[in-house]
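[1] Following is a predicted model, sequence given first.
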Amino acid sequence: MATFVVVGLQWGDEGKGKITDVLSAKSDYVVRFQGGNNAGHTVYVGENKFVLHLLPSGVLQCPGKCIIGNGVVVDPKAFIQEISSIEEKGLSTNHVFISRRAHIIMPYHILYDTYREEAAGNLSIGTTKRGIGPCYEDKVARTGIRAIDLLNPEVLKQKLQKNVEIKNAIFEKLYGKNPIDFQSIYDEYLAIGEQLKDRIVDTELELNQAIDNGKNVLFEGAQALMLDIDFGTYPYVTSSSPTTGGVCVGAGVPPTKLQNLIGVAKAYCTRVGNGPFVTELFDETGRKIREVGHEFGATTGRPRRCGWLDLVALRHACMINGITHLVITKLDVLSGLGKIKVCTAYKTEDGETIDYFTSSTTKLALYKPVYEELDGWEEDITKINSFDELPENAQKYIQFIEKYLGIEVYLVSVGPDRSQNIIRKELF
C-alpha cells in the first residue's frame, strides 16, 4: 500500500500541480478530492504549457486512471472544454473519470456567485465567480444535483425545477435580475449527461481496493490550508477543505490508509483576492518578486499579492495537515535580492509578540511581522539539480525553514519545468 497526498500550505498557487505532475508518472491513480474549476494548476511539458482548472494535474503523466472525486464540484462544460484542449494537442483523456457522487455546478450557481459578489462591493470575498461556493451550499442544503442525476432524466427534472424556482426568486427579488429558463437548462444538461455517461462512475470502492492491492495512489488538493473553510482566514476562504483530512470525505478513503503527506509552499508568500496578509510587500521588492515569479493567477489572471515567507502561518498549516514531507518551490525567484526576510513571529495590536496563528481574521489584519533577516545569493540556480551545488546562503535558507518547522524539505523546485527540481529524497 502506497498513498501520497499533495496539499498547499499557503494561499494557493504554490506549485502543487508541478509536484503532482512529477509524482504522477509513478502513480496508478491520481485523484482530485475537493474544490472545482476555481483551481489553476500550470504544468509544462516540453514547450507546451497546460493550465488545468478541474482535471487532476496528473492527467498528463499518470499511466493509470485520473479521478475527480466526490468532494469536487464539477462544472461539466468546463470539464468538456478542458478535455478537448488536451486532446487537441494529441494527448489521450480516456483515463479520466468523475465520481457519480460529485455535485454539479449549474448555470444558476455561477450567476448567484457573480450577483452576490457584485452586491457585496468592498466587502466581497474575492471569489473567482465560478459558482463553487453556491454549489457547495446546495450540497450541504441537500438540494444539489449530482453527476449521477445527469443520467436520470426524471430525477434531473424534479431537482432542477425546484432549484430554478428558488434561484429565480432570489435573483428577481433580492438582486433585481432576470429569471433563468428551466427548459433550456434541462435540455442542455440532459445532453451533457449523455455525452459524459461513460466517464461518470463509482470511484470510492475502486480506490479502496486499489490501495489494498498495493497500487500507488496520489491525492491532489486544490487551493491550500490558509484558504480552508475551517482553518483558513475566514471568511476569505474557499468553500471546501483542501487539507490531508479532506481526502477522507472527498474521496471516500479512511485516514488509516493515508501515508505520505506532502505539503507544498513557496519560498515566499502570495495571495489572490481579499483577506489579511501579514507579510505583504508594497514596495519595489514586492513588485520584483511578482514580475520574476510571474505571479498572476492561472484562473483569473489577477496579479497576486506578494510578500516574505510567513513561517508562523506555515507551521500552522503543517500542524493541521500533519505534513511528513515538505516541498519548497520557486527558490530561484529570490536570487539577487541581497537580503531576505522571514517572518518568525507576530506583533499583536497590544504590542505582544506571539509565534502562533490566530483564529481572529480581524486581529490578524492588525498584526505586524517580526522578521529575521538572512543573507541572500546572486547566482542563477535554475540549472542546479543537487542540494550541495546550491549557493551556501540558499542552503542556509532551506535549513532555516527546516529548523523552524521541524520538518525535512525533501524537494526544492528551482524553475517551472518538471525537470527543474532538487530531489533530496525519493519517495517511491
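    Yep, it's here.

[2] Going along the chain, name the helices of the stretch 201-350 of the chain.
    Assigned helices in the stretch 201-350 of the chain, in chain order: 204-212, 246-251, 284-292, 311-321 (criterion: DSSP state H, counting those that start in this stretch).

[3] Against which helices or strands is the helix or strand containing Ile80 packed?
    Assigned by DSSP states H and E, Ile80 belongs to helix 76-87. Packing partners of helix 76-87 (3 or more CB pairs under 8 Å, 6 or more residues apart in numbering; DSSP states H and E): strand 48-52, helix 182-196. (Glycine included, C-beta is placed from N, CA and C.)

[4] again, only this time at 7 Å
    Using 3 or more CB pairs under 7 Å, 6 or more residues apart in numbering; DSSP states H and E, the elements in contact with helix 76-87 are helix 182-196.

[5] Buried residues of the helix it packs on, list them for me.
    Neighbour-count burial for helix 182-196 flags Ile185, Tyr186, Tyr189, Leu190, Ile192, Gly193, Leu196 (criterion: 16 or more other CB atoms under 10 Å).

[6] I would like the residues contacting it, please.
    Here helix 182-196 makes contact (CB atoms under 7 Å, 6 or more residues apart in numbering) with 76, 80, 98, 106-107, 150-151, 153, 156-157, 160-161, 164.

[7] just the buried members of the residues you listed?
    Pro76, Ile98, Met106, Pro107, Leu150, Leu151, Leu156, Leu160, Val164.

[8] what's the spacing between the host helix or strand of the last one and its chain's center?
    Counting by DSSP H and E, the element that carries Val164 is helix 153-173. If you compare the mean C-alpha spot of helix 153-173 with that of the full chain, they lie 30 Å apart, counting by CA atoms, centre = their mean, to the nearest Å.

[9] just the CA coordinates of it, formatted as CSV?
    Only the C-alpha atoms of helix 153-173 are listed here, as CSV (Å, rounded to 0.1, in the frame of the first residue of the first chain):
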residue,chain,number,x,y,z
PRO,A,153,-34.0,12.4,-16.8
GLU,A,154,-36.8,12.3,-14.3
VAL,A,155,-34.6,12.9,-11.2
LEU,A,156,-32.8,15.7,-13.0
LYS,A,157,-36.1,17.3,-14.0
GLN,A,158,-37.5,17.3,-10.5
LYS,A,159,-34.4,18.6,-8.8
LEU,A,160,-33.8,21.3,-11.5
GLN,A,161,-37.4,22.6,-11.4
LYS,A,162,-37.2,23.2,-7.7
ASN,A,163,-33.7,24.8,-7.8
VAL,A,164,-34.7,27.1,-10.7
GLU,A,165,-37.8,28.2,-8.8
ILE,A,166,-35.8,29.0,-5.7
LYS,A,167,-32.9,30.7,-7.5
ASN,A,168,-35.3,32.8,-9.7
ALA,A,169,-37.0,34.1,-6.5
ILE,A,170,-33.6,35.2,-5.2
PHE,A,171,-32.4,36.7,-8.5
GLU,A,172,-35.6,38.7,-9.1
LYS,A,173,-36.5,39.8,-5.6
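
[10] Look up phi and psi at Leu91.
    phi -100, psi 150 (degrees, to the nearest 10).

[11] what about it, distance to Ile83?
    10 Å (CB to CB, to the nearest Å).

[12] Neighbour count: the two, which is higher?
    Ile83 (19 against 14; other CB atoms under 10 Å).

[13] Give the residue spans of the protein that score low on pLDDT.
    Counting by pLDDT under 70, the ranges of the chain that qualify are 1, 44-46, 298-300.

[14] contact partners of stretch 162-181?
    In contact with stretch 162-181 (CB under 7 Å, 6+ apart) are residues Pro107, Tyr108, Leu111, Tyr112, Tyr115, Ala119, Thr143, Phe182, Ile185.

[15] Who are the contact partners of Val412?
    Residues Ile328, Leu331, Phe387, Ile398, Ile422 are the ones in contact with Val412 under the rule CB under 7 Å, 6+ apart.

[16] try it again with 6 Å
    Contacts for Val412 (CB atoms under 6 Å, 6 or more residues apart in numbering) come out as Ile328, Leu331, Ile422.

[17] Pairing partners for the first one in the sheet, please.
    Pointing back at Ile328 there. Judged by DSSP bridges, the bridge partners of Ile328 are Ala265, Val412.

[18] and if you look at the last one?
    With DSSP bridges applied, the residues forming beta bridges to Ile422 are Val412.

[19] Give me the neighbour count for it.
    22.

[20] Wait, it touches Phe387, no?
    Yes. With contacts counted by CB atoms under 6 Å, Ile422 reaches Phe387, the gap being 5.3 Å.

[21] just to revisit the earlier point, buried set for the helix holding Val164?
    Leu156, Lys159, Leu160, Asn163, Val164, Lys167, Asn168, Phe171.

[22] so is the nearest residue to the first one once chain neighbours are set aside in a helix, a strand, or just coil?
    For Leu156, the nearest residue in space outside its immediate sequence neighbours is Asp149; the separation is 5.0 Å by CB to CB, 6 or more residues apart in numbering. Using DSSP: H, G, I helix; E, B strand; the rest coil, the three-state assignment for Asp149 comes out as helix.

[23] residues near Asp149, how many?
    Asp149, neighbours per other CB under 10 Å, totals 22.

[24] Who are the contact partners of Val247?
    Per CB under 6 Å, 6+ apart, neighbours of Val247: Val5, Phe33, Phe219, Val253.

[25] Give me the number of neighbouring residues for the last one.
    In terms of burial, Val253 registers 23 neighbours under the definition other CB under 10 Å.

[26] Make 722 the first number, not 1, from now on.
    I'll keep to 722 as the first residue from here, and by that count the last item is Val974.

[27] got a list of what it touches?
    So Val974 contacts Leu928, Val968 (CB under 6 Å, 6+ apart).

[28] now that we're looking at it, how far away is Leu1148 from it?
    From Val974 to Leu1148 the distance is 18 Å (CB to CB).

[29] likewise the first one?
    In this structure, Val726 and Leu1148 are separated by 11 Å, where distance is defined by CB to CB.

[30] Looking at these two, which one has more neighbours?
    Val726 (29 against 16).

[31] Is the residue nearest to that one when sequence neighbours are not counted bridged to anything, and to what?
    In this structure, Val726 finds its nearest non-sequential neighbour in Phe940, 4.6 Å apart by CB to CB, 6+ apart. Taking DSSP bridges, one obtains Val726, Val752 as the residues bridged to Phe940.
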